[in-house]
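**Q** My questions concern the predicted model and sequence given below.
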Amino acid sequence: MADSDGSKYKGDFRIFENVDELATGLVDYIAAISEMSVKERGFFSIALSGGSLISFMGKLCEAPYNKTVDWGKWHIFWVDERVVAKNHVDSNYKLAKEVLLSKVPILPSHVYSINDNVSAEEAASEYEFVLRQLVKTRTVNVSESNDCPKFDLILLGMGPDGHVASLFPWHALLDLKDDWVTYITDSPKPPPERITFTLPVINSASNVAVVVSGATKAVAVKLVIDGYCEESTEVAAALPARKVQPTDGQLVWFLDNEAASKLDSVASQPPPA
Ligand SMILES: O=C(O)[C@H](O)[C@@H](O)[C@H](O)[C@H](O)COP(=O)(O)O
């Protein structure tokens with residue numbers, strides 16, 4: 001189904017029986033992009049969202065990934081982060097550290113967490129400054145079309161309202177064109193204060209993966225991918241996830257059967273050989 005402007009939502013869609021198989025498919029994909037990025041650039045720049053997505057990444061601590069991934073070349077960022085102390089239960093950094101960062105030999109200097117001692121506005125500004133330095137050194141690649149940072153991989157979750165990162169339906173942040181990192185103080189999903197990448201940065205990535213599981217997301221998944229859902233009065237085009245369309249990167253959705261249960265026709269496409 002196309003949007004009012006006739007655009008059809010494009011992407012690859014991988015549907016898995018259950019979350020365990022989804023997690024395996026996801027970490028295989030991450031390991032493959034890591035290997036390709038390190039071979040091509042000598043670095044792998046990956047940006048993480050929060051939520052259940054991170055629990056799936058725990059498989060990277062297991063064989064064979066713990067031995068085959070070139071962890072020393074990883075540079076880890078956050079697509080969005082709650083403006084709380086880094087040891088707070090709501091911190092995406094804390095979540096990623098417990099599940100992955102504390103269990104694999106990623107260099108601490110390659111882990112770019114926010115300054116948790118300043119306001120949301122200052123944290124966003126500082127994070128963007130750090131990012132601009134890393135684009136200058138090409139640790140993070142740059143998009144030829146708009147000078148945005150071109151991450152090797154951006155990992156997104158999606159809320160039941162179709163939000164990604166900390167970009168929520170109908171929010172003014174969705175219209176930002178020049179900022180790379182912005183902030184929100186009225187997040188509908190608690191906690192209220194967060195920093196977040198903007199859509200231009202997300203859509204400049206070489207690879208974007210949207211990782212969604214569970215029946216509670218099925219209506220939003222259908223609205224985003226099919227462009228309509230009889231069970232909802234929501235305007236599909238307003239869902240931030242439907243605005244994720246990488247300019248010249250690859251988009252892959254990782255779905256379990258429950259999240260994909262209302263889709264019309266997306267046949268599960270096996271990963272490339
Ligand atoms: O910091 C955050 O809250 C996230 O970045 C947010 O975008 C999350 O990824 C989705 O809300 C999905 O979360 P679940 O997968 O846990 O539902």
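**A** Structure's in. What do you need? Everything numeric in this text was worked out from a predicted model, so none of it was measured. Numbering: from 1, shown residues only.
**Q** where does the stretch 151-273 of the chain come near the ligand, residue by residue?
**A** Within the stretch 151-273 of the chain, the positions lying close to the ligand (C-beta under 6 Å from any ligand atom) are Gly157, Met158, Gly159, His163, Val164, Ala165, Lys189. To be clear about C-beta, it is placed using only N, CA and C from the backbone, and glycine gets the same treatment.
**Q** Distance of the fourth one relative to Val244?
**A** Counting by C-beta to C-beta, to the nearest Å, the gap from His163 to Val244 is 11 Å.
**Q** Between those two, which contacts overlap?
**A** Between them, His163 and Val244 share no contacting residue under C-beta atoms under 8 Å, 6 or more residues apart in numbering.
**Q** ranges for the strands of this protein?
**A** Along the chain, counting by DSSP state E, strands occupy 12-16, 44-48, 74-78, 80-82, 141-142, 149-150, 153-156, 181-184, 194-197, 207-212, 250-256.
**Q** circling back to that earlier point, which of the residues of the stretch 151-273 of the chain next to the ligand sits closest to Gly227?
**A** Within these, the smallest distance to Gly227 is 15.5 Å, found for Met158 (C-beta to C-beta).
**Q** pretty sure that closest one is touching Ala165, no?
**A** No: counting by C-beta atoms under 8 Å, Ala165 is not a contact partner of Met158; they are 9.7 Å apart.
**Q** can I assume Glu17 is in contact with Ala260?
**A** No: between Glu17 and Ala260 there is no contact under C-beta under 8 Å: 10.7 Å.
**Q** Return the angle between stretch directions for the helix ranked longest in the chain and strand 44-48.
**A** Using DSSP state H to define each element, the chain has its longest helix at helix 19-41. Orientation check (axes from the mean of the first three to the mean of the last three C-alpha atoms, to 10 degrees): helix 19-41 against strand 44-48 gives 140 degrees.
**Q** Next, see if helix 19-41 gets close to the ligand.
**A** No: judged by C-beta under 6 Å from any ligand atom, helix 19-41 makes no contact with the ligand; its nearest approach is 10.5 Å.
**Q** ok, residues contacting that helix?
**A** Contacts for helix 19-41 (C-beta under 8 Å, 6+ apart): 14, 16, 43-46, 55-60, 65, 68-70, 73-74, 138, 141, 152-153, 155, 206-207, 209, 211, 213, 252, 254-256, 271.
**Q** quick one: average confidence on stretch 68-81?
**A** Taken as a whole, stretch 68-81 carries a mean pLDDT of 98.
**Q** hey, C-alpha coordinates of that stretch in PDB?
**A** Taking C-alpha atoms only, stretch 68-81 is exported to PDB below (Å, rounded to 0.1, in the frame of the first residue of the first chain):
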ATOM      1  CA  THR A  68      35.100 -14.300  15.300                       C
ATOM      2  CA  VAL A  69      34.000 -10.600  15.700                       C
ATOM      3  CA  ASP A  70      36.800  -8.100  15.500                       C
ATOM      4  CA  TRP A  71      35.700  -6.300  18.700                       C
ATOM      5  CA  GLY A  72      38.700  -4.000  18.800                       C
ATOM      6  CA  LYS A  73      37.400  -2.300  15.600                       C
ATOM      7  CA  TRP A  74      33.900  -1.600  17.000                       C
ATOM      8  CA  HIS A  75      32.800   2.000  17.900                       C
ATOM      9  CA  ILE A  76      29.600   2.000  19.800                       C
ATOM     10  CA  PHE A  77      27.000   4.900  19.900                       C
ATOM     11  CA  TRP A  78      23.500   5.300  21.000                       C
ATOM     12  CA  VAL A  79      20.700   6.200  18.600                       C
ATOM     13  CA  ASP A  80      18.900   7.500  21.700                       C
ATOM     14  CA  GLU A  81      19.600   7.700  25.400                       C
END
